[in-house]
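J.: Take this sequence and fold it.
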Amino acid sequence: MTAISIGYARCSTDKQDLEANRQILLDLGVLADRIHLDRAYSGTSRARPGLDQALAAVRTGDTLVVPKLDRLARSVPDARQIGDSLAARSIRLQLGAMIYDPTDPMGKMFFNILATFAEFEVDLLRMRTREGMAIARAKGKLKGRAPKLSPTRQAHLLKLHAAKEHTIAELAELFEVSRPTVYRVLERASVTTATADAA
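T.: Residues are numbered from 1 along each chain as shown. Predicted coordinates:
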């Protein structure tokens, strides 16, 4: 069988555009129908359908092509695990224009450095997000998500539920919310009642 190149790329949010990554893969010689993409998936998660499809598509002698290592993995353990599993299957890993050679000490060191930087960027982003939220919370600007039902509609829902004439699914449909939202309203009401009884 002729060896082929399979491409993979991802972006973390819907706002990010995959076209640039797709174009890089095309420029690297990957055919359009052999490119697998994940939109709005974090690189720290291994549960990615596009990645699963790409890894399933490559065979012995093939090459998995990614624009950059951080498009493939955002943690050192994940990057190593994917790289090692590909090497064990005799599949080459191409990072941009560079072919990763796990038998080359310099190549292996460079791969680990790239993986470390990818993980560092994620950790830095998380830290900045936490700091930003803490500052916003201290200034009273972070108040949490607004409830999906107004107090009046919640009271109406509770009244209908107490009448035992509707199922949870019917209440969800009636108020145009999900069943978990209905359960949350009921749970909050029961906690409030228990607190009042204990006072």
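J.: Do a quick rundown of the helices in this protein.
T.: Ranges of helices in the chain, per DSSP state H, are 19-27, 49-57, 69-72, 76-88, 105-138, 151-162, 168-175, 179-198.
J.: so for the longest strand seen in the chain, what's the average pLDDT?
T.: Criterion DSSP state E: the longest strand present in the chain is strand 5-11. What strand 5-11 shows for mean pLDDT is 93.
J.: cool, stretch 182-198 as well?
T.: 75.
J.: who does the longest strand of the chain touch, helix- and strand-wise?
T.: With contacts defined as 3 or more CB pairs under 8 Å, 6 or more residues apart in numbering; DSSP states H and E, strand 5-11 has these neighbours: helix 19-27, strand 35-39, helix 49-57, strand 63-66, helix 69-72. Backbone N, C-alpha and C define where each C-beta goes, glycine included.
J.: coming back round to it: from the helices of the chain, which stretch is densest packed?
T.: A comparison of those by mean neighbour count, using mean count of other CB atoms under 10 Å, puts helix 69-72 on top with a mean of 23.
J.: residues contacting T60?
T.: Contacts for T60 (CB atoms under 8 Å, 6 or more residues apart in numbering) come out as 89-91.
J.: Quickly note the distance from it to D33.
T.: Distance, T60 to D33, using CB to CB, to the nearest Å: 21 Å.
J.: How far does stretch 110-128 sit from its chain's centre?
T.: Here stretch 110-128 shows a centroid-to-chain-centroid distance of 16 Å under the convention CA atoms, centre = their mean, to the nearest Å.
J.: swap that for stretch 26-45, please
T.: Remark: stretch 26-45 is offset 15 Å from the chain centroid, using CA atoms, centre = their mean.
J.: Quick check: mean pLDDT of that stretch?
T.: For stretch 26-45, the mean pLDDT works out to 88.
J.: Show me what counts as buried in it.
T.: 28, 30, 34-38, 41, 43 (16 or more other CB atoms under 10 Å).
J.: Take the helices and strands packed on strand 5-11 and lay them out in CSV including distance to R128.
T.: Below are these laid out as CSV (distance: least, CB to CB, whole Å):
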stretch, distance to R128
helix 19-27, 24
strand 35-39, 24
helix 49-57, 26
strand 63-66, 26
helix 69-72, 17
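J.: hmm, back to that, adding distance to S12 as columns, could you present the helices of the chain in a markdown table?
T.: Output for the helices of the chain, formatted as a markdown table (distance: least, CB to CB, whole Å):
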| stretch | distance to S12 |
| --- | --- |
| helix 19-27 | 12 |
| helix 49-57 | 13 |
| helix 69-72 | 10 |
| helix 76-88 | 15 |
| helix 105-138 | 10 |
| helix 151-162 | 34 |
| helix 168-175 | 31 |
| helix 179-198 | 25 |
